[in-house]
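Asks: Mind folding the following:
(chains A and B)
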Amino acid sequence: DTGVSQDPRHKITKRGQNVTFRCDPISEHNRLYWYRQTLGQGPEFLTYFQNEAQLEKSRLLSDRFSAERPKGSFSTLEIQRTEQGDSAMYLCASSLTGAEAFFGQGTRLTVV
Amino acid sequence: SQQGEEDPQALSIQEGENATMNCSYKTSINNLQWYRQNSGRGLVHLILIRSNEREKHSGRLRVTLDTSKKSSSLLITASRAADTASYFCATGVMNTGFQKLVFGTGTRLLVSP
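Replies: You can find the predicted model right below:
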């Protein structure tokens, strides 16, 4: 499978716990994006990487959120001290040209 | 924040009929893209139309773009039950040197056999 891969697909966690999600982009894509989608809404931009550099962070990304892309390949998104409002689908996308973006299947987070 | 507004929010048709979805947006764009999302799954890229293009076709899909009205439409011809999904428009907006996709709220399409 040469598409964008996200792991895990589903995560249930207790409030206050930390969670980490992983995204493996399409191999030749140097641009990587994280989006968050809540029920009934369209995805909202969280952050953008070009190679290993994090070039943009949305104000939606509070201090509890951190994203990395250490070698310019896979990326991780960590949420510390999860809250119920963090429950959402977290989507990763990658792009070669910066125009078309290709999305993974997402990680659905439920905070109980 | 979401830039685009899709209309209608929900659409129910019979197989074989055409489905038209509209998208309006607010700011200048580089391009506009349409994505499909099956329930609980990721987004599948359907088509991209650049800001200097007015119409584009891909298989059973036809997209139009009117930058003067800041609107776009997606037409799916001869719909099939497998087309049942949510459809999102996303505007490509330049933001500090890179393009960010700003999504609308989506149209939920139901195609009945």
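
Asks: Count residues in the vicinity of B:L75, would you?
Replies: 14 (other CB atoms under 10 Å in any protein chain shown). Quick note: C-beta positions are derived from backbone N, CA and C, even for glycine.

Asks: How about it: what's its closest non-neighbour residue?
Replies: Leaving aside its sequence neighbours, B:L75 sits nearest to B:R62 (CB to CB, 6 or more residues apart in numbering or on different chains; 4.3 Å).

Asks: quick one: low-confidence parts of chain A?
Replies: Where chain A drops to pLDDT under 70, the residues are A:1.

Asks: Now it against chain B: closest residue?
Replies: Relative to chain B, the nearest point of chain A is A:G42 (3.3 Å; CB to the nearest CB).

Asks: What is the three-state secondary structure of that residue?
Replies: coil (DSSP: H, G, I helix; E, B strand; the rest coil).

Asks: Would you confirm that it contacts B:T105?
Replies: Yes. Using CB atoms under 8 Å, A:G42 is in contact with B:T105, at 5.4 Å.

Asks: What residues does chain A have near chain B?
Replies: Selection of chain A residues close to chain B by CB under 8 Å from any CB of the partner chain yields A:4, A:6, A:31, A:33, A:35, A:40-45, A:48, A:50, A:55-56, A:89, A:91, A:93, A:98-106, A:108.

Asks: Tell me how far stretch A:72-84 lies from the chain's centre.
Replies: Computed by CA atoms, centre = their mean, to the nearest Å, the chain-centroid distance of stretch A:72-84 equals 7 Å.

Asks: any residues touching that stretch, and which ones?
Replies: Contacts to stretch A:72-84, defined as CB atoms under 8 Å, 6 or more residues apart in numbering or on different chains, come from residues A:13-25, A:27, A:30, A:32, A:34, A:46, A:49, A:51-52, A:64-69, A:86, A:90, A:92, A:109, A:111-112.

Asks: how close does the residue of chain B found nearest chain A sit to A:Q50?
Replies: Among the residues of chain B, B:F103 lies closest to chain A, at 3.3 Å counting by CB to the nearest CB. B:F103 sits 21 Å away from A:Q50, going by CB to CB, to the nearest Å.

Asks: Among these two, which residue is more densely surrounded?
Replies: Comparing B:F103 with A:Q50 by other CB under 10 Å, the one with more neighbours is B:F103, at 24 against 17.
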